[in-house]
Every structure is written in structure tokens, then in C-alpha cells.
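Asks: model the structure of this input:
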Amino acid sequence: MIRDRLFLAADFLCSALKAICPYDTGNLCNSIRVYETEQGVFVGIGDETTPYENKDTTVNYVAIKTNEPWKHGNNPNEGWIERGINSALETMRQILGGDLTDEEARELIMENEQRLYERQQDKAAEL
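Replies: Numbering: from 1, shown residues only. All right, here's what the predicted structure looks like:
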């Protein structure tokens, strides 16, 4: 039960991040996933399909490049990760605390997925 709630909360965080992440090719959005390791459940951003990979390490810097201030000019995406996390916190608390049913949580995830779909459609219309 607790494990299921952890995954549901992580799924919600993924959907919240995907709904607002910078969207160009879709690679960054598609790289946002829930992972389970021996240490627990976490949400990762960036993988081998995303740019900005540092050749000296296995760390992928895509989230840093899209989230942090730029040296030259303004980064229109600055802070998107923090905004996504902050927007998801209260709902994640409700999921973990049992205040939302699984069905209610999945409806909220679907709403975020709909926001992403609309952004994808907008991007496709630009091309």
C-alpha cells in the first residue's frame, strides 16, 4: 500500500514536471521518469536522448542547462523544475496521506497529461 502510494505520488510529480517542462523536440519531456533503486523511488530528468551530455562524466546536464540562468541573455525556462515541484507538493502530500483516492490522483495525472498534449499540439502547429 505505501509503496503504491509512493509510486502514485512520483507519477504525479512526473506529470506535473512534464506539463511545464521546456518543449522543443520532446526529448526532455520524454526523459522525465520514475525510477526505483535500492535507495527508493525517485524522479529523474534527462537521459541519453537529451542534449548537453558532459563527456567527462555520466551526469546529464540537460536539466541544469534548461533550469539555470544563462551567462548571456535571459533563460525563459529558468526555475521550471522548482515551479513544477512546488506546484505538485500539496497534491503529493494528499496522495501520500491518503486524502486522495487512487482514482482522484489518476484524474489529476490525466489533467497534467492533457496539458502536455495541448503543448505538443501547439508545437506541432508551429512547424
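Asks: what's the one helix or strand Thr91 maps to packed up against?
Replies: Here Thr91, judged by DSSP states H and E, is contained in helix 80-97. On a contact count with 3 or more C-beta pairs under 8 Å, 6 or more residues apart in numbering; DSSP states H and E, helix 80-97 meets helix 2-20, helix 62-67, helix 102-126. For every residue, glycine as well, the C-beta is placed using N, CA and C.
Asks: Met92: which of those helices is closest?
Replies: Met92 lies closest, by C-beta to C-beta, to one member of the helices and strands packed on helix 80-97: helix 2-20, at 4.4 Å.
Asks: show me what contacts the most centrally placed residue in the chain?
Replies: By C-alpha atoms, centre = their mean, the chain has its centre lying nearest to Leu17, at 2.8 Å. By C-beta atoms under 8 Å, 6 or more residues apart in numbering, the contact set of Leu17 is 32, 43, 45, 80-81, 84-85, 88.
Asks: let's see 6 Å
Replies: Leu17 makes contact with 32, 84, according to C-beta atoms under 6 Å, 6 or more residues apart in numbering.
Asks: what's the least confident stretch among the helices and strands packed on helix 80-97?
Replies: Across the helices and strands packed on helix 80-97, helix 62-67 has the smallest mean pLDDT, namely a mean of 71.
Asks: and Tyr35, that one's in a helix?
Replies: No. With DSSP: H, G, I helix; E, B strand; the rest coil as the criterion, Tyr35 is assigned strand and is not in a helix.
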